[in-house]
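Chemist: Just need the structure, nothing else, for what follows:
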Amino acid sequence: MTVILTTERLRLEPFEKAHLDGLNAMNSDPEVMKYITGRPETREETLDVIERVKARWAEFGFSWWSFIERETGELIGAGCIQHLRRTGKEPDPTCPLEIGWRLRRDRWHRGFAIEAAVAMADFAFDRLRADLLLAVCQAENAASASVMKRLGMRYRGIEHWHDWELATYETTSAEWRSRAAVPSA
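Modeler: So this is what the prediction gives:
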């Protein structure tokens, strides 16, 4: 199942091998990866991730998308709806769903993360019928925490996810729907 999401400025496409160059350019940037893995990703690692993500799409019907800027056609970021996990690389279907994102450094602070996250959260709550969505980040990652707060997510505390102690935020389906019903100021 191919799920392409669109926003005003973005097209979110499930990871494909054609995205390798753009994903690796972003994931090999030490500043982009500072709060994610703590180190740049090699081209081989990016290719392995693409293959794992494609398998997750086939198994679960959701995983990681590449963010394609509609105006330029460039890959400018990536984001996911996936099962959180405590340890290892494989998803844990017993864990709640996570929403996550990253952007190329030259696209930071332009609202792309919020725009993509809204589309992904809508997908999780509307199409997957999720009751709860979590987001996690290192406590020092103020930019990601800011996006989580702007999405209306509530801080839960520091919890163990992805082999790290991470700041954890949440929103429920009911909270998300009530937020969407409020007209913007």
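
Chemist: Number of residues surrounding D92?
Modeler: Burial measure for D92: 14 neighbouring residues, criterion other C-beta atoms under 10 Å. Glycine gets a C-beta too; all of them are placed from N, C-alpha and C.

Chemist: what sits against the residue nearest to it when sequence neighbours are not counted?
Modeler: Spatial nearest neighbour of D92, chain neighbours left out: R85 (4.4 Å); criterion: C-beta to C-beta, 6 or more residues apart in numbering. Applying C-beta atoms under 8 Å, 6 or more residues apart in numbering, we find R85 in contact with P91, D92, C95, W161, H162.

Chemist: could you redo the last one with a cut-off of 6 Å?
Modeler: R85 makes contacts with P91, D92, C95, as judged by C-beta atoms under 6 Å, 6 or more residues apart in numbering.

Chemist: Next: T46.
Modeler: With contacts defined as C-beta under 6 Å, 6+ apart, T46 is in contact with L23, N24, N27.

Chemist: do you know how far it is from T2?
Modeler: According to C-beta to C-beta, to the nearest Å, T46 stands 20 Å off from T2.

Chemist: now swap in D131 and tell me
Modeler: Between D131 and T2 the distance, using C-beta to C-beta, works out to 25 Å.

Chemist: How about S66: which residues does it bridge to?
Modeler: E13, A78 (DSSP bridges).

Chemist: tell me the contacts of it?
Modeler: Going by C-beta under 6 Å, 6+ apart, S66 touches E13, F15, H19, L75, A78.

Chemist: Could you report the neighbour count for the last one?
Modeler: The burial metric for A78, expressed as a neighbour count using other C-beta under 10 Å, is 25.

Chemist: Next: the third one.
Modeler: H19 has 21 neighbours, counted by other C-beta under 10 Å.

Chemist: could the contacts of R85 be laid out in JSON lines, adding distance to E31 and pLDDT?
Modeler: JSON lines is the format used below for these (distance: C-beta to C-beta, whole Å; pLDDT from 0 to 100):
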{"residue": "P91", "distance to E31": "27", "pLDDT": "81"}
{"residue": "D92", "distance to E31": "29", "pLDDT": "86"}
{"residue": "C95", "distance to E31": "29", "pLDDT": "92"}
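
Chemist: and of these, the nearest to R110?
Modeler: Each of the contacts of R85 was scored against R110 by C-beta to C-beta, and P91 proved nearest at 29.9 Å.
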